[in-house]
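[1] take this sequence and fold it.
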Amino acid sequence: MFASEANTPSGSRPLKWLLRAIATLAVVYAAFFGAVTVAMLQPPARFGQIMKHLPMPLVWGALPAARMWLWAREGNLREGNLAPDFTLPTHDRAGEVTLSSHRGRQPVVLVFGSYT
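    Model (predicted):
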């Protein structure tokens with residue numbers, strides 16, 4: 001028996017073990033939370049490469065992943081701000097369309113969806 005154990009009541013050993021286990025789980029959870037948060041802040045292609053190695057039930061079940069995702073991808077656009085300029089190919093791939101070419105001339109509606 002160790003000297004420290006001789007002075008400790010036998011009933012407090014399980015309590016110390018339980019507290020250490022809870023502290024260890026809290027540290028592991030915080031590290032996991034931090035790692036997933038850092039991954040969510042990466043560009044989308046890099047984020048996908050990281051997330052394909054994580055167990056999705058654990059990510060979406062143990063973490064507030066939906067809220068984390070909304071926070072990580074919030075961006076800095078606010079109501080009334082100009083939309084960032086972009087250039088996309090036309091539907092027939094014959095040319096390109098730039099958002100700024102329509103600014104001040106006509107309204108633009110962007111529709112994101114799947115037509116399959």
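[2] distance between stretch 92-111 and the chain's centre?
    Centroid displacement of stretch 92-111 relative to its chain, using Cα atoms, centre = their mean, to the nearest Å, is 31 Å.
[3] what's the span of that stretch, first residue to last?
    By Cα to Cα, to the nearest Å, the extent of stretch 92-111 from end to end equals 17 Å.
[4] swap in stretch 97-115?
    Using Cα to Cα, first and last residues of stretch 97-115 are 20 Å apart.
[5] cool, and stretch 34-52?
    17 Å.
[6] what residues sit buried inside that stretch?
    Neighbour-count burial for stretch 34-52 flags 36, 39-40, 47 (criterion: 16 or more other Cβ atoms under 10 Å). Every residue, glycine included, has its C-beta placed from N, CA and C.
[7] was I right about Ile50 contacting Leu41?
    No. Using Cβ atoms under 8 Å, Ile50 is not in contact with Leu41; the gap is 10.6 Å.
[8] quick one: secondary structure of Thr37?
    Put simply, Thr37 is helix when judged by DSSP: H, G, I helix; E, B strand; the rest coil.
[9] enumerate every residue touching it.
    68, 72 (Cβ atoms under 8 Å, 6 or more residues apart in numbering).
[10] quick check: it vs Phe47, distance?
    Separation of Thr37 from Phe47 (Cβ to Cβ, to the nearest Å): 11 Å.
[11] how about low-confidence regions in this structure?
    Within the chain, the set of residues satisfying pLDDT under 70 comprises 1-11, 116.
[12] all strands for it, in order.
    For the chain, applying DSSP state E gives strands covering 87-89, 96-98.
[13] adding distance to Ala65 and mean neighbour count, write the ones you listed out as TSV.
    Shown next, in TSV, are the strands of the chain (distance: least, Cβ to Cβ, whole Å; neighbours: other Cβ atoms under 10 Å):
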stretch	distance to Ala65	mean neighbour count
strand 87-89	30	10
strand 96-98	35	11
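[14] measure stretch 53-66 end to end?
    18 Å.
[15] what residues of that stretch count as buried?
    Going by neighbour count (16+ other Cβ under 10 Å), the buried part of stretch 53-66 is 63, 65.
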